[in-house]
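S.K.: Have a look at this prediction, sequence included:
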Amino acid sequence: MSQFISVFDMLKIGVGPSSSHTLGPWRAAQTWIQKVKENKQFDLFDELKVDLYGSLSLTGKGHATDLAILLGLSEADPEYIPIEDVFIIVERINTQEEILFKGGKRITFSKNSIKFNREFLPFHANGMTFRGFANGKEISTETYYSIGGGFIVQENDNLEDEIEINKKNFPYPVNRAIQIEEYCERDNIHISDIVLKNELELKSAKEIDFELNRIWETMLECMYIGCHTEGRLPGGLNVKRRAFDTHQKLIKEAKYSNPTEWISAIRGSEVKFREILKWVSCFALSVNEVNASLGRVVTAPTNGSAGVIPAVLMYYLVIENHAADFEHIKKFLLVAGEIGSIFKKNATISAAMGGCQAEIGVSSAMAAAALTELLGGTPAQCLSAAEIAMEHHLGLTCDPIAGLVQVPCIERNSMGAIKAIHAAEIALETDPKDSLVHLDKVIDTMWETAKDMNKNYKETSEGGLAVTVRMADC
């Protein structure tokens, strides 16, 4: 028995730069405020304080964790808030040293109200505690953990409060990859068919299409914005945006006025091998440059790895199949989401728990499997593609310079996308029966690798590039 994880859990619309360090804390703050309102404590508050622990503390400034806390406490929704309002709300709170809540209530919140604690809580590396006070007395204390991909839990949470996936609730219960393979072989169906049938137990076909299209449109808009925005990224590293210049060289004199026309323009461009590599890289870089500047992205499965899946899907649309339509996009996203959920159930998608293999590695595996299905691969070949992609990310550390989701994070999305495409091509030319390593085995190995990895290489900025390259060098 396992928890059901929807495609819409794995692919969430939110604000950058990090799903675990920005979106998770944002959602946790929202959840706490809603909880104290429901139990009638909120009206008694006259002061709030927040403690951040472990990785959230060590790289919180670079990941905008403090900004996310302010926005979450303010009850702003990361999925729908206008991006320009993010900075307006944060500036107002920092200037006035108070939070204005819905209904007009104001509560003191100074710059010292968020405390960064270097120690780690035992349950998870990304811990945070919210405290509410009345007349100097603490009357509410709640601790949450951001476990990757925007998911949050409390230590006493259990699956009884969640939807469990079993034959009674869902036609195709899935916990391990081998089950997908068995279902597909037995019923002669594709992976996307299995995922859709399960999703239809929770949403109508119309709702699923609407939400998947909204996810794709957000991805496309993100790539479009990133390819048409020049300058340097915020945060202090002075990183130059590269997608703009690359795009200018590739698109040349093509005319277009919106993302849809842009796709047509790209389809008419040169398609030599080097240009294809550059386009895929450009798509991936564009997304993560938007992410690094607190733009709107789709967590896939995390914000730090948000560029891989859009880049590979865009590759299919503009290079592989110019006649592709929404049905192809739909199948791609369904397969990608399911592969990501298997990693989450059996390992982790949190860099603070597993290093970058848990983010770029997982996203590359998701994209590889999805692309393989669109290219006509069998379900077994799709799983083989995911295995190949992850196998060559095993052990990848997370060592962001200055705690920013910029170096080496942005480039890694480009590499993850290219690896996904390559993995799909290898899988398509391979009989899965000849493969020595199954996807489930590589997922188990990835989790064991994560547990063995030195904590300095798990999103702490206390090892690797983050130590050898200092801010003073930039």
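M.R.: Yep, it's here.
S.K.: burial count for S363?
M.R.: Here the count is done by other Cβ atoms under 10 Å, and S363 has 36 residues near it. Backbone N, C-alpha and C define where each C-beta goes, glycine included.
S.K.: Can you tell me the element it falls in?
M.R.: Using DSSP states H and E, S363 falls within helix 360-374.
S.K.: What is the next helix or strand after that helix packed up against?
M.R.: Remark: after helix 360-374, the chain's next helix or strand is helix 379-391, criterion DSSP H and E. For helix 379-391, the elements it packs on are helix 177-187, helix 326-346, helix 360-374, helix 409-428, helix 439-452, judged by 3 or more Cβ pairs under 8 Å, 6 or more residues apart in numbering; DSSP states H and E.
S.K.: distance between the helix holding S363 and the chain's centre?
M.R.: From the chain centre to the centre of helix 360-374 is a distance of 14 Å (Cα atoms, centre = their mean, to the nearest Å).
S.K.: okay, the helices and strands packed on helix 379-391 in CSV with mean pLDDT and distance to R118 next?
M.R.: Formatted as CSV, these follow (pLDDT from 0 to 100; distance: least, Cβ to Cβ, whole Å):
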stretch, mean pLDDT, distance to R118
helix 177-187, 98, 38
helix 326-346, 98, 28
helix 360-374, 98, 26
helix 409-428, 98, 22
helix 439-452, 98, 21
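S.K.: Just put those helices in a markdown table and tack on distance to Q3.
M.R.: Shown next, in a markdown table, are the helices and strands packed on helix 379-391 (distance: least, Cβ to Cβ, whole Å):
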| stretch | distance to Q3 |
| --- | --- |
| helix 177-187 | 15 |
| helix 326-346 | 7 |
| helix 360-374 | 17 |
| helix 409-428 | 26 |
| helix 439-452 | 16 |
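S.K.: Compare those helices and give me the one nearest Y80.
M.R.: Closest of those to Y80 is helix 326-346, at 20.1 Å (criterion: Cβ to Cβ).
S.K.: and that closest one, which residues are buried?
M.R.: By 16 or more other Cβ atoms under 10 Å, the buried positions in helix 326-346 come out as 328-346.
S.K.: now stretch 460-474
M.R.: 460-464, 466, 469.
S.K.: likewise stretch 218-233?
M.R.: For stretch 218-233, a neighbour-count test (16+ other Cβ under 10 Å) marks 218-227, 229, 233 as buried.
S.K.: Would you mind pulling the contact partners of the helix or strand encompassing D193?
M.R.: Following DSSP H and E, the helix or strand that holds D193 is helix 191-199. Helix 191-199 is contacted from outside by 4, 6-7, 165, 170-172, 174, 180, 183-184, 208, 330-331, 334-335, 337-338, 369, 373, 379, 382, using Cβ atoms under 8 Å, 6 or more residues apart in numbering.
S.K.: Following element in sequence after that helix, please.
M.R.: Downstream of helix 191-199, the first helix or strand assigned by DSSP H and E is helix 205-227.
S.K.: Need the contact partners of the following helix or strand past that next one.
M.R.: Downstream of helix 205-227, the next assigned helix or strand under DSSP H and E is helix 243-251. With contact meaning Cβ under 8 Å, 6+ apart, helix 243-251 is reached by 226-230, 265-266, 269, 275, 278-279, 281-282, 285-286, 289.
S.K.: Quick check: end-to-end length of stretch 424-438?
M.R.: Terminal residues of stretch 424-438 are spaced 15 Å apart (Cα to Cα, to the nearest Å).
S.K.: Run through who's touching it.
M.R.: Identification of contacts with stretch 424-438 by Cβ under 8 Å, 6+ apart yields 177-178, 368, 371-372, 375-378, 380-385, 387-388, 391.
S.K.: and if we set it to 7 Å?
M.R.: 178, 368, 371-372, 375, 377, 380-381, 384-385, 387-388, 391 (Cβ atoms under 7 Å, 6 or more residues apart in numbering).
S.K.: List the contacts of F120.
M.R.: Neighbour list for F120: 53-54 [criterion: Cβ under 7 Å, 6+ apart].
S.K.: Provide the backbone phi and psi angles at it.
M.R.: For F120, the backbone dihedrals are phi -100, psi 140 (criterion: degrees, to the nearest 10).
S.K.: Check the one 3 residues further on too.
M.R.: According to degrees, to the nearest 10, the main-chain angles of F123 amount to phi -70, psi -40.
S.K.: got a list of what it touches?
M.R.: 145, 155.
S.K.: if we go to 10 Å?
M.R.: Counting by Cβ atoms under 10 Å, 6 or more residues apart in numbering, F123 makes contact with 53-54, 143, 145, 147, 153-156.
S.K.: Including neighbour count, pLDDT and secondary structure, could those residues go into JSON lines?
M.R.: Formatted as JSON lines, the contacts of F123 follow (neighbours: other Cβ atoms under 10 Å; pLDDT from 0 to 100; DSSP: H, G, I helix; E, B strand; the rest coil):
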{"residue": "Y53", "neighbour count": "24", "pLDDT": "97", "secondary structure": "strand"}
{"residue": "G54", "neighbour count": "25", "pLDDT": "95", "secondary structure": "strand"}
{"residue": "T143", "neighbour count": "18", "pLDDT": "97", "secondary structure": "strand"}
{"residue": "Y145", "neighbour count": "26", "pLDDT": "97", "secondary structure": "strand"}
{"residue": "I147", "neighbour count": "21", "pLDDT": "94", "secondary structure": "strand"}
{"residue": "V153", "neighbour count": "16", "pLDDT": "95", "secondary structure": "strand"}
{"residue": "Q154", "neighbour count": "13", "pLDDT": "94", "secondary structure": "coil"}
{"residue": "E155", "neighbour count": "12", "pLDDT": "86", "secondary structure": "coil"}
{"residue": "N156", "neighbour count": "7", "pLDDT": "79", "secondary structure": "coil"}
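S.K.: From those, pick the one nearest A300.
M.R.: I147 (16.4 Å).
S.K.: Please enumerate the helices of the stretch 1-150 of the chain.
M.R.: With DSSP state H, counting those that start in this stretch as the criterion, the stretch 1-150 of the chain has helices at 7-10, 24-38, 55-58, 65-73, 83-96.
S.K.: want to throw these into CSV with distance to L212, mean neighbour count and mean pLDDT?
M.R.: Converted to CSV, the helices of the stretch 1-150 of the chain look like this (distance: least, Cβ to Cβ, whole Å; neighbours: other Cβ atoms under 10 Å; pLDDT from 0 to 100):
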stretch, distance to L212, mean neighbour count, mean pLDDT
helix 7-10, 8, 22, 97
helix 24-38, 21, 22, 96
helix 55-58, 31, 28, 95
helix 65-73, 26, 26, 96
helix 83-96, 22, 14, 94
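S.K.: rewinding a little: out of the buried residues of stretch 460-474, which sit inside helices?
M.R.: Members of the buried residues of stretch 460-474 lying in helices (criterion: DSSP state H): A466.
S.K.: Flag whichever of the buried residues of stretch 460-474 scores worst on pLDDT.
M.R.: The member of the buried residues of stretch 460-474 with the lowest pLDDT is V469, at 91.
S.K.: related to what we said a few turns ago, out of the contacts of stretch 424-438, which is nearest to N135?
M.R.: Distance ranking of the contacts of stretch 424-438 against N135, using Cβ to Cβ, places A368 first at 57.3 Å.
S.K.: list the contacts for the closest one?
M.R.: A368 touches 308, 312, 335-336, 339, 377, 382-390, 416-417, 419-427, counting by Cβ under 10 Å, 6+ apart.
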